[in-house]
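1. sequence unavailable; structure follows:
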């Protein structure tokens, strides 16, 4: 898969998939998009409203590892334990990962080492990085995965856009994800297409249209009743 390193509007890197002509993150800012959509309106909101000690997260699209790394950073000094299952059919190479500048954009203790540890973690098995953060990277597609019912507290849905990967946004796929979400669990995504919102509501989820990150009017958060 041909990839090109690019710099986004907030100074942080992203990757351009030249086959799809699609970037992994918003060109207005990779870090600020991930923080806004998945951390602030996803993980932090879930923690604030549920006060959990253990959280199971499903990420659709490990990509550059940015969402996983920001999640790890948030709970690094807390008592919260996270089991983070991330799906990626086409992992990027270690060489490309080492060029991404996220650890210099947001610095915290061992930021570079932890970022690379996420990329170097073995596939298809749980790995502790550090003791309160377990990552389980699955080298597969969402369509090929089988989940238990009510398995996850939070879903980061970070697939390529519907006009680039429409198969990822079909109702049958969203139904599989919805079944895997626990009651009161949440689904967050940068996408705010009207069809997505209608499909999520048809699956019984309570859908919110929230202000989007810079350069995007809206994002979506959906909660299972």
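-> Here it is on my side, so go on. Quick caveat: nothing in here was measured; it's all calculated off a predicted structure.

2. please count neighbours and contacts with C-alpha atoms only from this point.
-> Fine.

3. secondary structure class for the spatially most central residue of the chain?
-> Nearest to the mean C-alpha position of the chain, by CA atoms, centre = their mean, lies residue 156 at 3.9 Å. Recorded secondary structure, residue 156: strand (DSSP: H, G, I helix; E, B strand; the rest coil).

4. that one: what's it in contact with?
-> For residue 156, the contact set (CA atoms under 8 Å, 6 or more residues apart in numbering) comprises 38, 42, 57, 58, 59, 60, 187, 188, 189.

5. make TSV out of these and add pLDDT, neighbour count and secondary structure.
-> Below are the contacts of residue 156 laid out as TSV (pLDDT from 0 to 100; neighbours: other CA atoms under 10 Å; DSSP: H, G, I helix; E, B strand; the rest coil):
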residue	pLDDT	neighbour count	secondary structure
38	98	27	helix
42	98	23	helix
57	99	25	strand
58	98	24	strand
59	98	24	strand
60	98	23	strand
187	98	27	strand
188	98	24	strand
189	98	22	strand
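
6. can you count the residues close to the closest residue to residue 178 other than its chain neighbours?
-> Residue nearest to residue 178 in three dimensions, not counting chain neighbours: residue 203, with 7.3 Å by CA to CA, 6 or more residues apart in numbering. If you count neighbours by other CA atoms under 10 Å, residue 203 ends up with 15.

7. can you pull up the bridge partners for residue 82?
-> Beta bridges link residue 82 to residue 55, residue 133, judged by DSSP bridges.

8. how near is it to residue 126?
-> 12 Å (CA to CA, to the nearest Å).

9. helices of this protein, start to end?
-> 30-34, 45-50, 66-75, 94-99, 102-105, 111-120, 171-180, 194-202 (DSSP state H).

10. and residue 145, how far from residue 22?
-> 24 Å.

11. residue 124 and residue 21, how far apart?
-> The value you get for residue 124 to residue 21, if CA to CA is used, is 29 Å.

12. okay, the two: which has more neighbours?
-> More neighbours surround residue 124 than the other of residue 124 and residue 21, with 15 against 9 (other CA under 10 Å).
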